[in-house]
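A.B. asks: coords below, sequence missing:
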C-alpha cells in the first residue's frame, strides 16, 4: 500500500509538472499572438491616416487634372479596396487570408498613387499648390510610419511563428488552435518603394 501511494504521488507530481509546462507554452503563445495583434493595430492607425489623406490629395489634384479623371478614379477605387481589406485584417490579424488580401490591396493602392504622382508631374501649377505640397509631405511621412510599423509587426510575427513551430510547442500549438501568422510584405518588387510624392 505504501509503495502504491508513493507511485501515485510521483504520478500526481509529474502530472502537475507537465500541466504547468503545457500551460507555460500556451501562455507564451497567447502573449506572442497578442503582441503581433498589437503591432498590427499600429499599422492600422497609420493606414487609416493614409486613407484619410488620399481623398484630399485627389480633390486637390482634381482642379488641375481635369483630363486625368481615370487616374483619379483609379486612386479612389484602390483606396476604397485597401480600406475594406484593412478593416477585414484589423478584425483578425491572425487570419492569413485577410492579411494576404490587405497586402494585395495595398500593392494596388501604392501602384495607383505612383501613377497619380507621375501624371501630376506634368502640371506645374499643381506642383506649386501649397495644399498639394502639404498633403504630399504628410503622405510621405505616413508612408514612412507605415514602413516602421510594418517592420515591427513582421518582427512580432516572426517571433510568434518561430515559437509556435519549435518542438514541442508545435504539438501543443496545433492542439490549441494557434495557426501561423502571415507577414505583411509587398509581393511585387516594383511596389516595394513608397510612391514618390515630392513636388520640389
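C.D. replies: Perfect, I can see it now. Because the structure is predicted, anything quoted here is derived from the model rather than measured.
A.B. asks: host element of the closest residue to residue 68 other than its chain neighbours?
C.D. replies: Of all residues not flanking residue 68 in the chain, residue 119 sits nearest, at 5.4 Å (Cβ to Cβ, 6 or more residues apart in numbering). C-beta here means a position set from N, CA and C on the backbone, and glycine is covered the same way. Applying DSSP states H and E as the criterion places residue 119 in helix 96-120.
A.B. asks: now the helix or strand that comes right after that helix: how far from the chain's centre is it?
C.D. replies: Using DSSP H and E, the helix or strand that follows helix 96-120 towards the C-terminus is helix 124-128. Remark: helix 124-128 is offset 33 Å from the chain centroid, using Cα atoms, centre = their mean, to the nearest Å.
A.B. asks: which element follows helix 124-128 toward the C-terminus?
C.D. replies: Per DSSP H and E, the first helix or strand lying C-terminal to helix 124-128 is helix 130-165.
A.B. asks: got the buried residues for that following helix?
C.D. replies: Across helix 130-165, burial judged by 16 or more other Cβ atoms under 10 Å covers 132-133, 135-136, 138-139, 142-143, 145-146, 149-150, 152-154, 156-157, 160-161, 163-164.
A.B. asks: what does stretch 36-45 give?
C.D. replies: For stretch 36-45, by 16+ other Cβ under 10 Å, it's 36-37, 39-40, 42-44.
A.B. asks: same deal with stretch 67-86?
C.D. replies: 68, 71-72, 74-75, 78-79, 81-83, 85-86.
A.B. asks: Listing request: residues of the chain with sub-threshold pLDDT.
C.D. replies: The model of the chain has pLDDT under 70 over residues 186-200.
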